[in-house]
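J.: sequence and predicted structure below; questions after.
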There are 2 protein chains.
Amino acid sequence: MPRIVAEKSDVVAAIAEVFREHGYEGASLSQITATTGFGKGSLYHFFPGGKEDMASHILAHIDHWFEIEIFAPLGTGDAATAIARMMRSVETYFQSGNRICLVGAFTLTGTRDRFATPIAIYFRRWISALEGALHRTGLNQSQASQRAETAVLAIQGALVLARALNDAAVFTRALHQIEADLLRPDPQS
Amino acid sequence: MPRIVAEKSDVVAAIAEVFREHGYEGASLSQITATTGFGKGSLYHFFPGGKEDMASHILAHIDHWFEIEIFAPLGTGDAATAIARMMRSVETYFQSGNRICLVGAFTLTGTRDRFATPIAIYFRRWISALEGALHRTGLNQSQASQRAETAVLAIQGALVLARALNDAAVFTRALHQIEADLLRPDPQS
DNA sequence: TTGGGTTTGTACCGATTGGTACAGAATTGG
DNA sequence: CCAATTCTGTACCAATCGGTACAAACCCAA
């Protein structure tokens, strides 16, 4: 019984990479079976709802990972440390700019309409978790909110530009600047 | 004879909107014919190379528009004025965040591999044009380069986040901050 | 008005799409 | 060891995919 869960989780991770490479519409069932090694039988056993079901589970899987590794930790301990920890996790997760944000990729196509709610929740949660940490550094609510939004947005943009220029250095460079901007002392006070 | 060119340009613009909405892989020929009103006959007359040919022409069309309206103007006149002008053009072009950057959307899927060169050229040219203007404000080369990269990246990220949250205000808010960051006096001097 | 090129709609093509059916292999609890 | 359940490969399906062929409609110069 636990074996089912474990394998399903593996399947989710494997399919996610196919979506990451070809997008939702571009990832065909035959590509998924070929790349993951799972036949249609297995696929439709785990995901009776087909492609859309797979993508839903993938988004949930990603959201869960971020909740555990990024969002929740932002709420604990020293704020500056938590933010630095986030930046490190982000750099690792996105493989220094060589890996795409699937949520962001879904956002930019018609796929967004299918998954509008989980997509919006993911980004809102990220911003709100970061905003909480910034608030603990002494920033007021509106400044914390603005900085958090800017940081999340910049991470997404960095992923786009790094891939467009095929230059992962763009991403790491951006991450360092984002971190500096986040921890910069309040110019108001 | 000029009529051909004019109509072809119209077709390009119409198809671009379909790609913008569904992505390259997601935009089917039948959707293109239905949305644009042009039959397959016309489509394959103008674009013998099919879908890929259409997308190439669209990218060229976009690049040309940006060259005329954004990139080239950055090289003329007062730098601060030129940058402010760019921000206004960007806000108009992307309809205050309600319109997607097709180049960015292509970047995040397997489509990038097909059009890697024009995509990279587009972003490089944008950054380099902006870098030139920043250099004219007195910033040194490396600072100008870094700021230009950050600004272009942030615009892309703002488009992603605005669409993800279905909130155009995110985009306009970001644009104002980007402009302020670009024109901020050199902290070094 | 006619003739030649340009533009377009329609019918059609093989290939592939996402999805279903189901028999059998593998695994498990009893 | 057996039966029930879980898992998987294969064959198959209608629908749609991107693309081709081509004849008719259209347009403009002569």
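T.: Sure, I can see it.

J.: so who does the closest residue to A:T36 other than its chain neighbours touch?
T.: In space, and not counting its chain neighbours, A:T36 is closest to A:A14: 4.0 Å by C-beta to C-beta, 6 or more residues apart in numbering or on different chains. From N, CA and C alone the C-beta is placed, and that goes for glycine too. By C-beta atoms under 8 Å, 6 or more residues apart in numbering or on different chains, A:A14 lies in contact with A:35-38.

J.: and the gap between A:E131 and A:T150?
T.: From A:E131 across to A:T150, the span is 11 Å (C-beta to C-beta, to the nearest Å).

J.: and the residue nearest to A:T36, what pLDDT?
T.: Predicted confidence (pLDDT) for A:A14: 93.

J.: element containing it, please.
T.: helix A:2-26 (DSSP states H and E).

J.: surely A:I127 meets A:E149?
T.: Yes: A:I127 lies in contact with A:E149 (C-beta atoms under 8 Å); the separation is 5.4 Å.

J.: gap between the residue in chain A that DNA strand D sits nearest to and DNA strand C?
T.: Distances between chain A and DNA strand D by C-beta to the nearest atom of the strand are smallest at A:G41, namely 2.2 Å. Counting by C-beta to the nearest atom of the strand, to the nearest Å, the gap between A:G41 and DNA strand C amounts to 5 Å.

J.: before we move on, what about A:G23?
T.: Taking C-beta to the nearest atom of the strand, one finds A:G23 at 10 Å from DNA strand C.

J.: and A:R124, what does it touch?
T.: Counted by C-beta under 8 Å, 6+ apart, A:R124 has contacts B:L165.

J.: that one is in what secondary structure piece?
T.: Per DSSP H and E: A:R124 is located in helix A:116-136.

J.: so what's the closest residue to A:T107 other than its chain neighbours up against?
T.: Leaving aside its chain neighbours, A:T107 sits nearest to B:A164 (4.4 Å; criterion: C-beta to C-beta, 6+ apart). For B:A164, the contacting residues are A:103-104, A:107, A:112, A:119-120, A:122-123, by C-beta under 8 Å, 6+ apart.

J.: how about 6 Å then?
T.: Contacts for B:A164 were tallied using C-beta atoms under 6 Å, 6 or more residues apart in numbering or on different chains; they are A:107, A:119, A:123.

J.: in CSV: those, plus neighbour count, pLDDT and distance to A:A82.
T.: Output for these, formatted as CSV (neighbours: other C-beta atoms under 10 Å in any protein chain shown; pLDDT from 0 to 100; distance: C-beta to C-beta, whole Å):
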residue, neighbour count, pLDDT, distance to A:A82
A:T107, 28, 98, 26
A:I119, 24, 98, 25
A:F123, 22, 99, 19
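
J.: Three-state assignment for the closest residue to chain B within chain A, please.
T.: Of all residues in chain A, the one sitting closest to chain B is A:G157 (2.7 Å; C-beta to the nearest C-beta). Look at A:G157: counting by DSSP: H, G, I helix; E, B strand; the rest coil, its state is helix.

J.: setting aside sequence neighbours, what's the nearest residue to it?
T.: B:G157 (2.7 Å).

J.: what about the spatially closest residue to A:W65 that is not a sequence neighbour, neighbour count?
T.: Leaving aside its sequence neighbours, A:W65 sits nearest to A:Y93 (C-beta to C-beta, 6+ apart; 7.9 Å). Using other C-beta atoms under 10 Å in any protein chain shown, A:Y93 has 15 neighbouring residues.

J.: any idea how far DNA strand C is from A:Y93?
T.: From A:Y93 to DNA strand C the distance is 26 Å (C-beta to the nearest atom of the strand).

J.: got phi/psi on that residue?
T.: Backbone torsions for A:Y93, taken as degrees, to the nearest 10, come to phi -60, psi -50.

J.: and the pLDDT for it?
T.: 98.

J.: which residues in chain A form helices?
T.: A:2-26, A:29-36, A:40-46, A:50-66, A:79-93, A:102-107, A:111-114, A:116-136, A:141-164, A:168-183 (DSSP state H).

J.: tell me which of those sits most buried.
T.: Neighbour counts (mean count of other C-beta atoms under 10 Å in any protein chain shown) averaged over each of these peak at helix A:102-107, with a mean of 26.

J.: I'd like to know which elements that one is packed against.
T.: helix A:116-136, helix B:141-164 (3 or more C-beta pairs under 6 Å, 6 or more residues apart in numbering or on different chains; DSSP states H and E).

J.: can you rerun that using 10 Å?
T.: helix A:2-26, helix A:50-66, helix A:111-114, helix A:116-136, helix A:141-164, helix B:102-107, helix B:141-164 (3 or more C-beta pairs under 10 Å, 6 or more residues apart in numbering or on different chains; DSSP states H and E).

J.: relative to helix B:2-26, how tilted is the longest one?
T.: Looking back up the chat, that one is helix A:2-26. Here helix A:2-26 runs at 180 degrees with respect to helix B:2-26, directions being taken by axes from the mean of the first three to the mean of the last three C-alpha atoms, to 10 degrees.

J.: work out the gap between helix A:2-26 and the centre of the chain.
T.: 15 Å (C-alpha atoms, centre = their mean, to the nearest Å).

J.: now that helix and helix A:50-66, what's the angle there?
T.: Going by the same axes, to 10 degrees, helix A:2-26 makes 110 degrees with helix A:50-66.

J.: what angle separates helix A:2-26 from helix A:29-36?
T.: Going by the same axes, to 10 degrees, helix A:2-26 makes 130 degrees with helix A:29-36.

J.: tally of neighbours for A:F94?
T.: Count around A:F94 with other C-beta under 10 Å applied: 20.
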